[in-house]
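[1] show me the folded form of this:
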Amino acid sequence: MMTTRTLHWPLIVGLAILALVRPLTRIVAEQAGTELLPGVPILLTILVSAAWISIVGFSRNESPLLTLSFAGTAYAIFAIALSGILSPVLNGELQGPLANPIAIVPMLLLNAAWGLAAGALAMLVQHLRSPRGREQQEATPPAT
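    Residues are numbered from 1 along each chain as shown. You can find the predicted model right below:
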């Protein structure tokens, strides 16, 4: 049975840190006095999701759903902390979720859901890679 003790915590933390490319890109752009194109945050989210799905989907991870749900939650915690540390230094005042605590729970839930969705896709990748998954895929007649 999979428990939180049997999860690969260094992987979860690493995946969460990888996702920090999203807020760090925005912070760097703001400090450089430039504005990101509207599609950049979406593109970064897609790239991080693809990395998460690939890393977990092509591994032997026993619980992609839990792993990536925790990675999404850990990312949210790291992003909140990053905002709490950097916003006073860079902008002179606290900004972000810590300045508006009502935003913390939705942020945690949204990022856990992001991780859960990525985990479901990673689980699908694992299933399709397994010998049994390939057999089922090959046995399914093509749609006409």
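[2] now do the helices in the chain.
    In the chain, the helices defined using DSSP state H lie at 9-19, 21-31, 39-57, 64-91, 104-129, 131-139.
[3] do you know which of those lies nearest residue 98?
    Smallest distance to residue 98 across these (C-beta to C-beta): 4.4 Å, for helix 64-91. C-betas here are computed from N, CA, C, even on glycine.
[4] can you give me the mean pLDDT across that closest one?
    The average of the pLDDT scores along helix 64-91 is 96.
[5] please shift the residue numbers so they start at 16 in all later answers.
    Sounds good: first residue 16 from here, last item helix 79-106.
[6] looking at the helices of the chain, which one is packed in the most?
    Highest mean neighbour count of the helices of the chain: helix 79-106, a mean of 19 (counted as mean count of other C-beta atoms under 10 Å).
[7] run the angle between that helix and helix 119-144 for me.
    Taking axes from the mean of the first three to the mean of the last three C-alpha atoms, to 10 degrees, one finds helix 79-106 and helix 119-144 inclined to each other by 140 degrees.
[8] tell me the helices and strands packed up against helix 79-106.
    helix 24-34, helix 36-46, helix 54-72, helix 119-144 (3 or more C-beta pairs under 8 Å, 6 or more residues apart in numbering; DSSP states H and E).
[9] what sits against the residue lying closest to residue 86 once chain neighbours are set aside?
    With C-beta to C-beta, 6 or more residues apart in numbering as the criterion, residue 86 has its nearest non-adjacent residue at 3.9 Å, and that residue is residue 30. The neighbours of residue 30, taking C-beta atoms under 8 Å, 6 or more residues apart in numbering as the test, are 66-67, 70-71, 82-83, 86, 89-90.
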